[in-house]
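Student: Fold the following, please.
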Amino acid sequence: MTVAGAKPRASSLSEHTCLCLNPTGNIIGSGIFISPKGVLEHAGSVGLALVVWMVGGGISALGSLCYAELGVTIPKSGGDYSYVTEIFGGLVGFLLLWSAVLIMYPTTLAVIALTFSNYVLQPLFPNCMPPYVATRMLSTTCLLFLTWVNCFSVRWATRIQDVFTVGKLLALGLIIVVGMVQICQGHYEGLRPQVAFQFFKTPSVGQVALSFLQAAFAFSGWNFLNYVTEEVVNPRRNLPRAIYISIPLVTFVYTLTNIAYFSSMSPEELLSSNAVAVTFGEKLLGMFSSIMPISVALSTFGGINGYLFTSSRLCFSGAREGHLPSLLAMIHCKSCTPIPALLLCTHNLINYVSFINYLSYGVTIAGLLYYRWQKPKLPRPIKVNLLVPISYLLFWAFLLGFSLYSEPVVCGIGLVIMLTGVPVYFLGVYWKDKPKFIYSFTEMVTYMGQKLCFVVFPQMDPTESLPPTQWTDKREL
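Tutor: Take a look at the predicted model:
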């Protein structure tokens with residue numbers, strides 16, 4: 001099946017997009033401006049909150065090391081989904097894909113876009129909340145614009161990510177510098193150990209777990225580079241290098257940012273603030289306080305771009321495996337961008353369930369251990385010590401176990417939504433002998449989508465093994 005007038009292409013998605021997306025830009029986002037309040041609230045003291053931030057960075061580093069091994073052992077784009085499908089089979093991979101495509105990514109995009117619009121409009125409405133319609137229109141415009149950029153050029157998408165990463169780091173650098181000046185001037189009473197570890201409330205084990213979950217939200221994004229492995233220049237070298245640099249850098253920046261917050265804000269002030277960075281700016285920056293809402297807007301803008309880039313590659317990988325419509329595995333004839341997959345990621349807005357996100361991390365890293373046992377002689381350019389995945393899984397079990405105990409309704413709903421993918425898998429993927437009219441309808445929709453988006457299948461990589469049903473018409477391309 002081909003687009004009318006389209007010439008066969010001898011190119012692939014990775015051939016024209018061999019770029020290295022900056023992982024630091026994906027990790028640092030709106031979370032650092034939102035999560036400090038949640039971390040402190042559940043931790044119960046300044047000292048324990050700072051410990052949570054440092055340990056949270058260490059746990060993310062352990063997880064990212066495991067993903068580095070998986071990324072070079074199974075060099076496919078799609079991240080968690082590709083690894084789980086390869087190791088545990090189609091059903092488990094489909095459930096992860098189902099929850100990510102319908103729950104995690106699209107709704108996270110909506111939340112970040114709304115945060116972006118609120119902070120952009122905040123200076124225009126200093127004494128009240130921005131109008132409902134205005135925030136929705138601006139967030140929609142932002143999503144549409146960045147979707148267009150990602151459809152037009154991968155290079156422009158990565159340039160946007162790099163530019164806004166610099167902007168975010170400069171903003172956080174300003175917070176850190178101002179905080180350090182405060183400390184040098186003697187304003188560090190709240191950071192003294194005897195004061196910092198005075199609990200304004202005694203946290204339970206479940207509350208500590210929720211505190212780590214809040215910090216994990218700010219660190220989320222450390223696995224995004226694995227979603228575009230095929231588009232990274234020399235992934236065996238650059239994938240681990242990016243991880244080794246980005247995670248320690250982000251942990252360092254996050255910890256110093258929180259120290260800066262606590263150098264000038266009491267726990268009560270921080271907990272009463274709806275926007276910690278804005279309150280910090282109003283207290284210390286005077287006439288330059290408007291820098292803070294602008295910096296948060298820059299951060300969220302770059303975050304939306306990063307989510308669009310990686311989530312579209314997840315849809316692309318799922319379609320190649322036959323778990324999503326084959327139209328989503330096609331790329332534009334000229335720009336080689338996965339336009340259908342990008343368009344899918346700007347719809348499907350339902351409640352975001354973070355529990356599933358961290359569940360997928362644990363399942364993926366458990367797959368690393370299983371793969372070690374199943375294929376011990378498989379070449380592994382990177383091979384982490386077994387203590388790394390085991391330590392991560394022990395922490396993961398603690399985190400999700402006590403989170404489920406503390407928030408059974410939220411986590412339970414997330415699991416139920418995830419399991420609704422089981423009948424969909426058996427009806428849509430496992431059932432091969434469907435009535436002929438279903439295949440005819442699917443082909444018609446695919447053909448119309450190809451003409452609308454001007455997309456075709458990319459050139460097959462001979463090292464890949466794809467379902468034959470997805471590539472029966474490749475000879476026509």
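Student: Okay, strands next: where are they in the stretch 301-450 of the chain?
Tutor: With DSSP state E, counting those that start in this stretch, the ranges of strands along the stretch 301-450 of the chain come out as 331-332.
Student: shaky segments in the stretch 51-200 of the chain?
Tutor: Residues of the stretch 51-200 of the chain that meet the criterion pLDDT under 70 lie in 122-123, 126, 167.
Student: what stretches of the stretch 201-350 of the chain score poorly on pLDDT?
Tutor: 224-225, 227-233, 235, 274-275, 309-350.
Student: Can you show me the helices along it?
Tutor: Counting by DSSP state H, counting those that start in this stretch, the stretch 201-350 of the chain has helices at residues 205-219, 235-264, 267-272, 276-284, 291-320, 339-344.
Student: Mind putting those into a markdown table with distance to residue 105 and mean neighbour count?
Tutor: Bear in mind the C-beta positions are built from the backbone N, C-alpha and C, glycine included. Below are the helices of the stretch 201-350 of the chain laid out as a markdown table (distance: least, C-beta to C-beta, whole Å; neighbours: other C-beta atoms under 10 Å):
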| stretch | distance to residue 105 | mean neighbour count |
| --- | --- | --- |
| helix 205-219 | 14 | 22 |
| helix 235-264 | 20 | 20 |
| helix 267-272 | 30 | 15 |
| helix 276-284 | 25 | 21 |
| helix 291-320 | 4 | 25 |
| helix 339-344 | 10 | 24 |
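Student: Reformat the ones you listed as a markdown table; add distance to residue 405.
Tutor: Output for the helices of the stretch 201-350 of the chain, formatted as a markdown table (distance: least, C-beta to C-beta, whole Å):
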| stretch | distance to residue 405 |
| --- | --- |
| helix 205-219 | 5 |
| helix 235-264 | 27 |
| helix 267-272 | 24 |
| helix 276-284 | 28 |
| helix 291-320 | 30 |
| helix 339-344 | 35 |
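Student: between these, which one is nearest to residue 369?
Tutor: Nearest to residue 369 among those is helix 235-264; the distance by C-beta to C-beta comes to 19.0 Å.
Student: In terms of secondary structure, what does the closest one contact?
Tutor: helix 23-27, helix 31-43, helix 46-73, helix 154-184, helix 205-219, helix 276-284 (3 or more C-beta pairs under 8 Å, 6 or more residues apart in numbering; DSSP states H and E).
Student: ok, the residue nearest to residue 73 when sequence neighbours are not counted - how many residues close by?
Tutor: In space, and not counting its chain neighbours, residue 73 is closest to residue 380: 5.1 Å by C-beta to C-beta, 6 or more residues apart in numbering. Residue 380: 15 surrounding residues under other C-beta atoms under 10 Å.
Student: now residue 434
Tutor: 11.
Student: can you check the one 5 residues further on too?
Tutor: When neighbours are defined as other C-beta under 10 Å, residue 439 has 11 of them.
Student: May I ask you to confirm that residue 76 is in contact with residue 93?
Tutor: No: between residue 76 and residue 93 there is no contact, the gap being 11.4 Å when judged by C-beta atoms under 8 Å.
Student: Common neighbours of these two, please.
Tutor: Shared contacts of residue 76 and residue 93, defined by C-beta atoms under 8 Å, 6 or more residues apart in numbering, comprise 82, 86.
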